[in-house]
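# Pasting the sequence and the predicted model now:
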Amino acid sequence: MLAQPRRKGGARLKRTSGSGPDEHRAASISSNSLSFPVTQAGLVELLAKGDQGTQCLSVTLHAPEYAASPRLAASPCPPGSDFVQTQDPQAFAGLPFWTSEYVGLGPYKIDRWEPGAFLEGSAFAGHALGKPAIDRLRLLFISDPNTVLANMLSGEAHYVSESILYTEEGLTLERQWAPTNGGMVLYAPVTFRITLIQSRPDAAAPPAMLDLRVRRALAHGMDSVSAFEATTAGKGLLMYSLTPPTKDYYSTVDGAIAKYPYDARSVARLLEEAGTVKGSDGFVVGTDGEPFTVEVASDGGSVFERENAVLVEGLRRAGIDAISHIVPVAQLRNNEARALLSGLSTGGLGTPRYDKFASAAVAGPENRWQGANRGGWANAEFDRIWEAYGGMLDRSERAQQAAQMERIFTESVAAIPHYFSPAATAHVASLEGPVTAQTPDAGRGIHRVWDWRWRS
């Protein structure tokens, strides 16, 4: 589905292109005129500007494949053109264009909009993929999972999108619907869970975590499978790398990576090689004679805290004195504090991409602690391959480069991947057509709403 909104209330657009093998292309665009599927660190620079009341988004693409992007070529604004409207920034943001007057080419046109409550739409006969089979649609905005469950079970709602219900709510719907075949629950692996290891010498505690043997021991001591079962009921997707098993090139990656299954004996062997000894309490003692205590941090919430408890218990079973640390909400909002957590830190990473572990993405004072690489891991060879990868178009070459990055990532234990926890979507049995994402970076199921229909 393509949308080409009206060019109303726009900012300034400029495009320039360079030349040669390292061609760069820059664009200053209004957000309603063009979008780029590019978010890789080092390939895109974003800068909000204000010039005589004009709001501008500056996007610089540092990769040859984007210089010839079909999206860039198909821009409604030709190269060298300026579309300028001087306006107060706050007034610009409040234009009805962005809300009630927005015009697109989607499958439904808006008939009524009650902000914060619902949207009502009718089927658009001119939709490029055909008029939707369902004539009218009402979208409810509900953030409370229990209210969503009540609406689905009562029949007041017929479909729930991602990011509201998760495994526990999905299992509740399955149990409630089972006697009557009242509906179907679908699970999408969308939330990547990973443990970051503090790699900054001035922040790591204990300092022995900087030793590769210790990092590998920690990886062997984290019981990802038990945490997976405890939090996803097997509905998620186990991970051993940054590349999901659903990717078509996963076999290439899988043959290159190091894996660290839960194994207490491997933990003991690696820690002994690193110079630690077993103390009288059964836990290892550092080379300095001090207790080898590792803090395992996690976000709050029942599911995350359950995950944290399983991972901590696994480390302790393997002889590592691990302690739980549930990060306060205020600290979660403090990027510097999160980046400087001293030990292990388990959390979500969004879509797992290689750029999130490039040196350029390391969070630090120079980028106001905004980098995605919060653990501070850096590897020059990884960076070199990443830079080359960004300029490749051949799929087989990209797969080989991805495998090499994954090899370095796993052999160095840059972080410890666990699994994708699922979001649940659900629909009543009388509704046919809803699907859900089968890969973490796929679109939401509601994006195919034009293909839904009522069962006869």
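Arrived safely.
# So what's the predicted local confidence for residue 439?
At residue 439, the pLDDT value in this model is 71.
# Could you list the low-pLDDT ranges of the protein?
Residues of the chain meeting the criterion pLDDT under 70: 1-87, 352.
# For it, just list every one of the helices.
Counting by DSSP state H, the chain has these helices, from start to end: 64-67, 70-73, 89-93, 145-154, 167-177, 212-220, 224-232, 250-254, 264-273, 302-317, 329-332, 335-339, 380-389, 395-411.
# Those: which one's closest to residue 189?
helix 224-232 (8.9 Å; C-beta to C-beta). Bear in mind the C-beta positions are built from the backbone N, C-alpha and C, glycine included.
# For that closest one, report the contacting residues that lie outside it.
167, 193, 234, 236, 238, 262, 303, 306-307, 310-311, 314, 416-419, 421-422 (C-beta atoms under 8 Å, 6 or more residues apart in numbering).
# Got a quick PyMOL command for the buried subset of those residues?
Listed next is the PyMOL selection for buried residues among the contacts of helix 224-232, using 16 or more other C-beta atoms under 10 Å:
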select buried, resi 167+193+236+238+262+303+307+310+311+314+416+417+418+419+421+422
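# Give me the neighbour count for residue 420.
Using other C-beta atoms under 10 Å, residue 420 has 27 neighbouring residues.
# Tell me what it is bridged to.
With DSSP bridges applied, residue 420 shows beta-bridge pairing to residue 192, residue 237.
# Please look at it and residue 193 and confirm they touch.
Yes - contact criterion C-beta atoms under 8 Å: residue 420 and residue 193 qualify, at 7.3 Å.
# which of the helices of the chain sits most buried?
helix 212-220 (a mean of 23; mean count of other C-beta atoms under 10 Å).
# can the helices of the chain go into CSV with extra columns for distance to residue 115?
Shown next, in CSV, are the helices of the chain (distance: least, C-beta to C-beta, whole Å):
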stretch, distance to residue 115
helix 64-67, 36
helix 70-73, 31
helix 89-93, 15
helix 145-154, 18
helix 167-177, 26
helix 212-220, 48
helix 224-232, 35
helix 250-254, 43
helix 264-273, 54
helix 302-317, 31
helix 329-332, 27
helix 335-339, 31
helix 380-389, 42
helix 395-411, 43
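# Out of those helices, flag the one nearest residue 440.
Per C-beta to C-beta, nearest to residue 440 of the helices of the chain: helix 250-254, 12.5 Å.
# which helices and strands does that closest one pack with?
Other elements packing on helix 250-254 under the criterion 3 or more C-beta pairs under 8 Å, 6 or more residues apart in numbering; DSSP states H and E are helix 395-411.
# Put the alpha carbons of the helix it packs on into CSV.
Only the C-alpha atoms of helix 395-411 are listed here, as CSV (Å, rounded to 0.1, in the frame of the first residue of the first chain):
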residue,chain,number,x,y,z
ARG,A,395,22.5,-10.7,-1.3
SER,A,396,25.0,-13.6,-1.1
GLU,A,397,27.8,-11.2,-0.3
ARG,A,398,25.7,-9.5,2.3
ALA,A,399,24.9,-12.9,3.9
GLN,A,400,28.6,-13.7,4.1
GLN,A,401,29.4,-10.4,5.7
ALA,A,402,26.6,-10.8,8.1
ALA,A,403,27.9,-14.1,9.1
GLN,A,404,31.4,-12.6,9.8
MET,A,405,29.9,-9.9,12.0
GLU,A,406,27.9,-12.5,13.9
ARG,A,407,31.0,-14.6,14.3
ILE,A,408,32.9,-11.6,15.9
PHE,A,409,29.9,-10.7,17.9
THR,A,410,29.4,-14.1,19.4
GLU,A,411,33.0,-15.1,19.8
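# quick one, domains of the protein?
14-97, 191-420 (automatic domain parsing).
# right, and those domains - which one's nearest residue 175?
Across those, closest to residue 175 is domain 191-420 (C-beta to C-beta), at 11.9 Å.
# end to end, how far does that closest one reach?
Its first and final residues considered, domain 191-420 spans 5 Å by C-alpha to C-alpha, to the nearest Å.
# how far does that domain sit from the chain's center?
In terms of C-alpha atoms, centre = their mean, to the nearest Å, the centre of domain 191-420 is found 16 Å from the chain centre.
# do the same with stretch 170-181
Relative to the chain's own centre, stretch 170-181 is displaced by 29 Å; criterion: C-alpha atoms, centre = their mean.
# which other residues reach it?
Taking C-beta under 8 Å, 6+ apart as the rule, stretch 170-181 contacts 149, 152-153, 165, 182-185, 187, 233, 235, 422, 424, 426, 429.
# 10 Å instead?
With contact meaning C-beta atoms under 10 Å, 6 or more residues apart in numbering, stretch 170-181 is reached by 145-146, 148-149, 152-153, 160, 165, 182-187, 232-233, 235, 422-426, 428-429.
# Also stretch 112-126?
Contacts of stretch 112-126 (C-beta under 10 Å, 6+ apart): 99-100, 102, 104-111, 130-142, 449-450.
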